[in-house]
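Engineer: All I have is the shape, not the residue letters:
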């Protein structure tokens, strides 16, 4: 353990628990991410969210039996015993409460997606980071898919003029509308076009949703959500001279490994390449897309 960051987990009700623990704690993994080890965890769990409580026992058992992780009774105990926190609770509704419990420890925190399911909560979480002066980042792993990284490096084709992304869009009542799966494609869109979206319009049917966002400089970005079997992610990055297709299945490196590399860099340096203002605008984009989905009207951010 000498020289390794002690990493704590809060919320053991998501498959990300298993994925992150394997990449951090098992150096034999092909895409092992060095620099830290998961040592302590608080289970959490939401009793009104079946995908939370039903999966929690299995991931808890895996951490204890496979990686010797100490299980504690509160988020505060996690923060006391670690150098950095992975706040992984699958239920975005509880992130503010859990962050409030550990903010005064001033440990760097990664908040798994969705950062929050209301803009009001997201702003309070950002305020906690400023008040207690601890680094914090949040995003979907799809943001750092190798296919998208390669597409954004292809600058020989000129300036970015727009982008379109697609992915599954299952609806989970406890995580309203786009917050459950739409977060993935929206993260890809914002990594590509950056901040500055002014308004969104959502078209919805039983099987599909299409969100069109218009940026302040006139660029247009879209996300297409599918509920009809196809669970693949991808997209198109449009430049002045050409369009680059983003095939997220074309690379062997898992999204989680690319994400964890960025998270570990933030844990070590205290610096993140995602400004909190961008995360807040992503949450507002999702919120506005939901509002448009319900009303059929264009919604300003």
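Structural biologist: Received it, and whenever you're ready, just let me know what you need. The model shown is predicted, which means the values in this text are computed figures rather than measured ones. Numbering: from 1, shown residues only.
Engineer: can we go C-alpha only for contacts and neighbour counts from here?
Structural biologist: Will do.
Engineer: gap between stretch 154-161 and the chain center?
Structural biologist: In terms of C-alpha atoms, centre = their mean, to the nearest Å, the centre of stretch 154-161 is found 26 Å from the chain centre.
Engineer: for that stretch, how far is the first residue from the last?
Structural biologist: End-to-end distance of stretch 154-161 (C-alpha to C-alpha, to the nearest Å): 13 Å.
Engineer: same thing with stretch 264-275?
Structural biologist: Span of stretch 264-275 from end to end, C-alpha to C-alpha: 16 Å.
Engineer: Give me the contact list for that stretch.
Structural biologist: 35-36, 84, 108-109, 134-138, 262-263 (C-alpha atoms under 8 Å, 6 or more residues apart in numbering).
Engineer: Next, format these as CSV and append pLDDT.
Structural biologist: Shown next, in CSV, are the contacts of stretch 264-275 (pLDDT from 0 to 100):
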residue, pLDDT
35, 96
36, 97
84, 98
108, 98
109, 98
134, 98
135, 97
136, 98
137, 98
138, 98
262, 97
263, 98
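Engineer: Sort out which one of the residues you listed lies nearest residue 201 for me.
Structural biologist: The shortest approach to residue 201 among the contacts of stretch 264-275 belongs to residue 138, at 24.8 Å (C-alpha to C-alpha).
Engineer: Looking at the contacts of stretch 264-275, which are in strands?
Structural biologist: Cross-referencing the contacts of stretch 264-275 against strands under DSSP state E gives 36, 84, 109, 136-138.
Engineer: Pass me the low-pLDDT residue ranges in the stretch 201-301 of the chain, would you?
Structural biologist: Scanning the stretch 201-301 of the chain for pLDDT under 70 picks out nothing.
Engineer: Give the buried residues for the longest helix along the chain.
Structural biologist: Taking DSSP state H as the assignment, the helix of the chain that covers the most residues is helix 276-295. Using 16 or more other C-alpha atoms under 10 Å as the test for burial, helix 276-295 gives 276, 278-293.
Engineer: I'd say residue 241 and residue 160 touch.
Structural biologist: No: in this structure, residue 241 is not within contact of residue 160 by C-alpha atoms under 8 Å, at 9.5 Å.
Engineer: Between these two, which has more neighbouring residues?
Structural biologist: For the pair residue 241 and residue 160, the greater number of neighbours falls to residue 160 (18 against 12), based on other C-alpha atoms under 10 Å.
Engineer: so where do the strands sit in the stretch 101-250 of the chain?
Structural biologist: 109-112, 136-139, 160-168, 197-204, 208-215, 220-226, 234-239, 243-247 (DSSP state E, counting those that start in this stretch).
Engineer: now, of those strands, which is deepest in the fold?
Structural biologist: Highest mean neighbour count among the strands of the stretch 101-250 of the chain (mean count of other C-alpha atoms under 10 Å): strand 109-112, with a mean of 24.
Engineer: Look up how far residue 113 lies from residue 224.
Structural biologist: 19 Å.
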